[in-house]
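Novice: Predicted model, plus sequence, below.
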Number of protein chains: 2
Amino acid sequence: MTDTAARPLRADAERTVRTILEAAERVLNRNPSASMEEIATAAGVARTTVHRRFATREALIVAMKTWASRQLATAVDEARFDSAPPLVALYQATANALEVKLSWGFSMNTALASGNESDQILSEVVAACDRLFGRLQEAGVLRADVDVVWVRRVYYALIHEVCENRAADDSDDTDTLATRVVDTLLRGVGSPNTQL
Amino acid sequence: MTDTAARPLRADAERTVRTILEAAERVLNRNPSASMEEIATAAGVARTTVHRRFATREALIVAMKTWASRQLATAVDEARFDSAPPLVALYQATANALEVKLSWGFSMNTALASGNESDQILSEVVAACDRLFGRLQEAGVLRADVDVVWVRRVYYALIHEVCENRAADDSDDTDTLATRVVDTLLRGVGSPNTQL
DNA sequence: ACTACTTGCAACACGAATGTTGCAAGTATC
DNA sequence: GATACTTGCAACATTCGTGTTGCAAGTAGT
């Protein structure tokens, strides 16, 4: 009944929670207005069990988003975002982020009423992102006349785009996709010897 | 009751239909799960009136998407997509498309079960797009090694991105936004003198 | 083995949204 | 001005999703 679990759950219950979160992501990614019933079925549990772990539908989605955000933050951290050479960090972080976004697309794309834990987590990721792009601009990798915020937005959009069509080009692995994102972000698709 | 209106509507009814479509776009853009009641209120009509013109909620959304698709197709046509010099056409079409997408964002972003009229319209737009990018590649504006489909996807993503944040940078007009899209698409955000 | 936790099942209450109908009043069109 | 269309209103049936509860059976942890 309580999503803000005060005392620790038993091991099997903990497993159930994760199963539900993953099933919910799968189901809602395909159909954002799917019912709790469908989610429960996909998770292989009864609907009442879902409600025992997540008081309301919204609580479930908040938990999903928090869970996904934590994974993204971890993925970014592991890319040594702030210490590694900026281009290396960018590439590595992109690959890591793609890994997360490919399996948690719904949660990551869903907007929530502000004030959540996920908001804080994601805003830290954004901040780290902006720092990195700042370093890249100082290093002369980015044009001096572009707005860093616009760079981040394009970056996010490219990652999103790559994830959307993962079904079509399933053959590509994360590294290939990351390369495509970074390459397109920096060089665009135009020929270098063309003006304007 | 029937969405596939066989006989023509009276002038005032026709106006009501358009009012409902526009209100629905506004309301659903802000909240995709808004009720028919909210849409009706926003349109300044009774809920029953909405149901008289659109049998079901889905019929309404289909009509919205068809309407928006037609407007987009018109906007693209007016850019003389196939006859004008490719770069000019690209710029002009972008500006026109942005105009439509800014006011019909929900309808354009909503996926429908295939087989609709809008599907056909939009696939023609996509085809025109691919033709244009093909011409641009032959002209040497696009790199020879990029996939035209990827180019189009990035192009769509950039347009989408620009539209999403229209609230923030409301000061920019369509031309400014179009320039930003085309510029970023072709050149990316990286410095030209940097390798990889 | 004992205890406490967890789950499935069945049943229920509740609210919200959808879609329908009949009728009266108003308005475009000829 | 007569006619047909359109709309608002009120009322209704129906369905669907949500959230709750009690109980019995099973399982983890000690």
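Specialist: Yep, that arrived.
Novice: Look at residue A:121 and say how many residues are nearby.
Specialist: By other C-beta atoms under 10 Å in any protein chain shown, the residues close to residue A:121 number 19. For the C-beta atoms, the positions are set from N, CA and C on the backbone; glycine is no exception.
Novice: Next: residue A:88.
Specialist: Residues lying near residue A:88 (other C-beta under 10 Å) number 11.
Novice: With the one 3 residues further on instead?
Specialist: Applying the criterion other C-beta under 10 Å, we find 20 residues in the vicinity of residue A:91.
Novice: State the helix or strand in which the closest residue to it other than its chain neighbours lies.
Specialist: Using C-beta to C-beta, 6 or more residues apart in numbering or on different chains and skipping the chain neighbours, the partner closest in space to residue A:91 is residue A:182 (5.6 Å). Assigned by DSSP states H and E, residue A:182 belongs to helix A:174-187.
Novice: For the helix or strand encompassing residue A:49, give the mean pLDDT please.
Specialist: Residue A:49 is part of helix A:47-53 when elements are defined by DSSP H and E. When pLDDT is averaged over helix A:47-53, the result is 98.
Novice: what does it rub up against?
Specialist: A:1, A:3, A:13, A:16, A:17, A:20, A:36, A:37, A:39, A:40, A:43, A:60 (C-beta atoms under 8 Å, 6 or more residues apart in numbering or on different chains).
Novice: If we use 6 Å, what do you get?
Specialist: For helix A:47-53, the external contacting residues (C-beta atoms under 6 Å, 6 or more residues apart in numbering or on different chains) are A:17, A:20, A:36, A:37, A:40.
Novice: ditto for stretch A:174-186
Specialist: Taking C-beta under 6 Å, 6+ apart as the rule, stretch A:174-186 contacts A:91, A:94, A:95, A:98, A:99, A:155, A:158, A:159, A:162, B:154, B:188, B:190.
Novice: so how far is residue A:113 from the residue nearest to residue A:96 when sequence neighbours are not counted?
Specialist: Closest residue to residue A:96 apart from its sequence neighbours, by C-beta to C-beta, 6+ apart: residue A:75 at 3.7 Å. Counting by C-beta to C-beta, to the nearest Å, the separation of residue A:75 from residue A:113 is 25 Å.
Novice: Those two: which is more packed in?
Specialist: More neighbours surround residue A:75 than the other of residue A:75 and residue A:113, with 21 against 8 (other C-beta under 10 Å).
Novice: circling back: on the three-state scheme, the residue nearest to residue A:96 is what?
Specialist: What DSSP: H, G, I helix; E, B strand; the rest coil gives for residue A:75 is helix.
Novice: and the gap between it and residue B:163?
Specialist: 28 Å.
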